[in-house]
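Enquirer: coordinates only, sequence not included:
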């Protein structure tokens, strides 16, 4: 696992935890797996999927009845991220407040991360 022992890789706001737990109950899933993949105009995109089985390599974060799994290849990119759930007049969506993002496209669908070497150095300094 990647990260600092004793510190959760990601955190959830109360709204996000409540929404994830609600969706887990409705769908009968084990939780929400988040990751990253190449794509979008800024280079990377978040991925989210509800899963019925937990991968043994996933980082698992549990809070207030909600469970988030972080895919192995995404752990260093998501470390320190806060997940929120925002509802506006036109939409409701999960939002990621990620300190590792250096740039995002105008629509907010894709992001760019710090260099891998920079992320690793920051993690070892903590």
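Expert: Done, it's in. Only a predicted model underlies this, so the values are computations on that prediction, with no experimental measurement involved.
Enquirer: Need the residues that contact stretch 18-35.
Expert: 10, 12, 46-55, 58, 60, 64-71, 73-74, 78, 83, 85, 94 (Cβ atoms under 8 Å, 6 or more residues apart in numbering). The C-beta positions use only the backbone N, C-alpha and C, and glycine is treated the same way.
Enquirer: Need the distance between the two termini of that stretch.
Expert: In stretch 18-35, first residue to last residue: 20 Å (Cα to Cα, to the nearest Å).
Enquirer: do stretch 74-87 as well
Expert: End-to-end span of stretch 74-87 (Cα to Cα): 26 Å.
Enquirer: so where do the strands sit in this protein?
Expert: 10-12, 31-38, 44-51, 59-63, 66-70, 81-87, 92-97, 101-104, 111-113 (DSSP state E).
Enquirer: would you turn the ones you listed into CSV with distance to residue 24, mean neighbour count and mean pLDDT?
Expert: Output for the strands of the chain, formatted as CSV (distance: least, Cβ to Cβ, whole Å; neighbours: other Cβ atoms under 10 Å; pLDDT from 0 to 100):
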stretch, distance to residue 24, mean neighbour count, mean pLDDT
strand 10-12, 13, 22, 94
strand 31-38, 6, 19, 90
strand 44-51, 7, 15, 88
strand 59-63, 11, 18, 94
strand 66-70, 7, 24, 96
strand 81-87, 13, 17, 93
strand 92-97, 14, 14, 88
strand 101-104, 27, 14, 72
strand 111-113, 26, 18, 61
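Enquirer: So what's the gap between the helix ranked longest in the chain and the chain middle?
Expert: Longest helix of the chain, by residue count under DSSP state H: helix 14-27. Here the centre of helix 14-27 is set off from its chain's centre by 15 Å, with Cα atoms, centre = their mean, to the nearest Å.
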